[in-house]
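Peer 1: I would like to see how this sequence folds:
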Amino acid sequence: MTHAMTRRAAASLLALGPALLGAARPTRAAEPAKDPPVFRIGALLGLTDKANWNATVMQRGILMAVEEINAKGGIDGIKVEAAIEDHQGVPRVGVDALQRLRARYDIQAVLLSYSAVALATAPICEENKTFMLDGGSVSDSLVGKFSYLFHNRAVASVLASAALTIPKQQSLKKMAVMAASTDDGQSLLRVSQADWKTYGGQIVEIEQAMSNASNIDTQIAKLRTSEPDFLAVWEFSPGPGLVLKRAREFGMKQPIIGVEYTAEIAKVAGQYAEGYQFASDYFNPNADDPWPKQFASSYRAKYGADPEVYAANYYEGIYVVAELIRRARTGGGNYFTGERFRTALLADPKVPSVYGGNLVFKPDGSCLKRVGIFTVKDGKADFQHFAELA
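Peer 2: Just a heads-up that it's a prediction; the model follows:
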């Protein structure tokens with residue numbers, strides 16, 4: 001991913017963000033573009049799932065991007081709409097929600113979330129050549145399996161390896177693991193086991209639970225008695241919050257590492273989040289780059305808080321799809337199809353990123369983007385450095 005930017009490039013990025021879609025590139029199309037009355041981009045979010053905080057900020061990011069694009073005149077003068085359906089965190093419900101989107105709007109691009117739901121809906125999208133972009137799931141089981149599925153979030157193999165650079169730098173050897181019994185958690189577990197064994201470390205205990213479990217005392221007791229050098233938490237919000245709280249209350253003083261820290265995790269963990277270290281996609285709400293700076297400022301003004309990874313990724317997701325629509329339109333004809341979007345992305349895998357610089361998509365659908373290492377201090381995530389990955 002390209003991060004070093006000249007002053008001129010930085011000055012132009014703001015226009016490339018919210019104004020990204022202002023004018024089509026000059027081209028001679030084989031036939032006139034067949035424009036739809038509106039560009040509808042679908043989204044499947046867990047709005048009424050028990051752990052729906054993530055979905056709430058995802059929706060905020062989506063709607064902000066749509067509002068910005070339309071305020072600038074849409075994509076080549078055509079307005080954008082977000083068609084959002086609730087999958088409730090249930091794969092079967094997600095499939096029904098996707099079918100409603102297809103029946104009502106003939107959706108050609110959809111933003112996915114939750115690995116279990118993505119795994120259930122992706123085959124349908126693949127069969128119908130619907131372009132998919134997932135900014136939330138990290139499961140490696142989604143990578144390279146579907147030719148129309150792309151990710152604008154670092155996947156498990158990247159996040160777990162990045163997090164494990166923390167104990168490696170401290171020369172720790174004995175790892176205990178608390179993993180979510182979800183596809184995301186299992187992907188993190190598999191990758192971390194292989195990575196840690198290659199490093200020469202020892203895995204002394206592995207315990208599992210759902211990320212929204214209300215009682216994990218049995219698991220924490222076993223982790224404590226295994227006497228690890230550190231505890232790895234392979235869970236996503238809100239799970240790490242309860243693990244941090246109960247581990248410390250049980251007297252575990254070892255370093256605790258993970259792959260996420262959100263407002264919800266902070267609320268659950270309270271004072272016990274102090275010193276927690278984690279690896280995550282790094283969106284800096286105080287960045288000097290024009291586009292990240294504007295997004296963060298607008299988000300604060302609208303919602304009274306800094307945007308986190310999920311808000312940034314789904315905001316960015318709308319812009320990625322919008323840019324592909326614009327590219328496809330320059331080819332003329334019936335361009336508003338998932339197949340044309342995929343072709344446009346493979347032809348040029350670099351897309352401007354709200355994180356700064358470019359988001360670069362790999363042939364297997366994963367992406368190259370910055371992963372930061374953070375330490376929680378006074379309840380806030382304090383950036384330490386970027387992970388050094390081989």
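Peer 1: Give me the domain ranges for this structure.
Peer 2: According to automatic domain parsing, the chain comprises the domains 7-154+284-370, 156-283+372-386.
Peer 1: want to try TSV for these, with mean neighbour count and mean pLDDT as columns?
Peer 2: Backbone N, C-alpha and C define where each C-beta goes, glycine included. What follows is the domains of the chain, written out as TSV (neighbours: other Cβ atoms under 10 Å; pLDDT from 0 to 100):
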stretch	mean neighbour count	mean pLDDT
domain 7-154+284-370	20	90
domain 156-283+372-386	20	95
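Peer 1: how far out from the middle of the chain is the strand or helix carrying V243?
Peer 2: For V243, the host element (DSSP states H and E) is helix 239-249. Mean-position distance between helix 239-249 and its chain equals 23 Å (Cα atoms, centre = their mean, to the nearest Å).
Peer 1: Also stretch 371-379?
Peer 2: Relative to the chain's own centre, stretch 371-379 is displaced by 18 Å; criterion: Cα atoms, centre = their mean.
Peer 1: Which strands or helices does the helix holding V243 pack on?
Peer 2: helix 217-225, strand 230-234, strand 256-258, helix 263-269 (3 or more Cβ pairs under 8 Å, 6 or more residues apart in numbering; DSSP states H and E).
Peer 1: how about the longest one as PDB, C-alpha atoms only?
Peer 2: As requested, the backbone C-alpha atoms of helix 217-225 are provided in PDB (Å, rounded to 0.1, in the frame of the first residue of the first chain):
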ATOM      1  CA  ASP A 217     -15.500 -17.900  34.100                       C
ATOM      2  CA  THR A 218     -14.700 -21.600  33.400                       C
ATOM      3  CA  GLN A 219     -12.600 -20.800  30.500                       C
ATOM      4  CA  ILE A 220     -10.700 -18.000  32.300                       C
ATOM      5  CA  ALA A 221     -10.000 -20.300  35.200                       C
ATOM      6  CA  LYS A 222      -8.400 -22.800  32.900                       C
ATOM      7  CA  LEU A 223      -6.400 -20.100  31.100                       C
ATOM      8  CA  ARG A 224      -5.100 -18.800  34.400                       C
ATOM      9  CA  THR A 225      -3.900 -22.200  35.700                       C
END
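Peer 1: relative to helix 239-249, how tilted is it?
Peer 2: On the basis of axes from the mean of the first three to the mean of the last three Cα atoms, to 10 degrees, helix 217-225 is oriented at 60 degrees to helix 239-249.
Peer 1: now the angle between strand 230-234 and helix 217-225, please.
Peer 2: Going by the same axes, to 10 degrees, helix 217-225 makes 150 degrees with strand 230-234.
Peer 1: Helices of the stretch 1-150 of the chain, residue ranges please.
Peer 2: 7-16, 53-71, 91-105, 115-127 (DSSP state H, counting those that start in this stretch).
Peer 1: In JSON lines: the helices and strands packed on helix 239-249, plus distance to N313.
Peer 2: As requested, those are exported to JSON lines (distance: least, Cβ to Cβ, whole Å):
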{"stretch": "helix 217-225", "distance to N313": "30"}
{"stretch": "strand 230-234", "distance to N313": "20"}
{"stretch": "strand 256-258", "distance to N313": "18"}
{"stretch": "helix 263-269", "distance to N313": "16"}
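Peer 1: so which of the ones you listed comes closest to T121?
Peer 2: Between T121 and those, the shortest separation by Cβ to Cβ is 23.8 Å, and it involves strand 230-234.
Peer 1: Determine the set of other helices and strands touching that closest one.
Peer 2: Judged by 3+ Cβ pairs under 8 Å, 6+ apart, strand 230-234 is in contact with helix 156-169, strand 174-180, helix 183-199, helix 239-249, strand 256-258.
Peer 1: A176: what's its closest spatial neighbour, skipping adjacent residues?
Peer 2: Closest residue in space to A176, ignoring its immediate chain neighbours: P228 at 3.6 Å, by Cβ to Cβ, 6 or more residues apart in numbering.
Peer 1: List the residues that contact the one you found.
Peer 2: Residues in contact with P228 (Cβ atoms under 8 Å, 6 or more residues apart in numbering) are 174-176, 204-205, 254.
Peer 1: Relative to V360, which of those residues is nearest.
Peer 2: Using Cβ to Cβ, M175 comes nearest to V360 of the contacts of P228, at 31.2 Å.
Peer 1: Quick one: closest of the helices and strands packed on helix 239-249 to K79.
Peer 2: helix 263-269 (32.2 Å).
Peer 1: related to what we said a few turns ago, among the contacts of P228, which pair sits farthest apart?
Peer 2: E205 and Q254 (11.9 Å).
Peer 1: So for those two, which residues contact both of them?
Peer 2: With contacts taken as Cβ under 8 Å, 6+ apart, E205 and Q254 have 176, 228 as neighbours in common.
Peer 1: looking at the helices and strands packed on helix 239-249, which is closest to V138?
Peer 2: strand 230-234 (10.0 Å).
Peer 1: quick one, helices of the stretch 251-390 of the chain?
Peer 2: So, for the stretch 251-390 of the chain - with DSSP H, counting those that start in this stretch - the helices run 263-269, 290-303, 309-329, 338-347.
Peer 1: can you list those in a markdown table and add distance to W234?
Peer 2: A markdown table is the format used below for these (distance: least, Cβ to Cβ, whole Å):
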| stretch | distance to W234 |
| --- | --- |
| helix 263-269 | 14 |
| helix 290-303 | 28 |
| helix 309-329 | 17 |
| helix 338-347 | 30 |
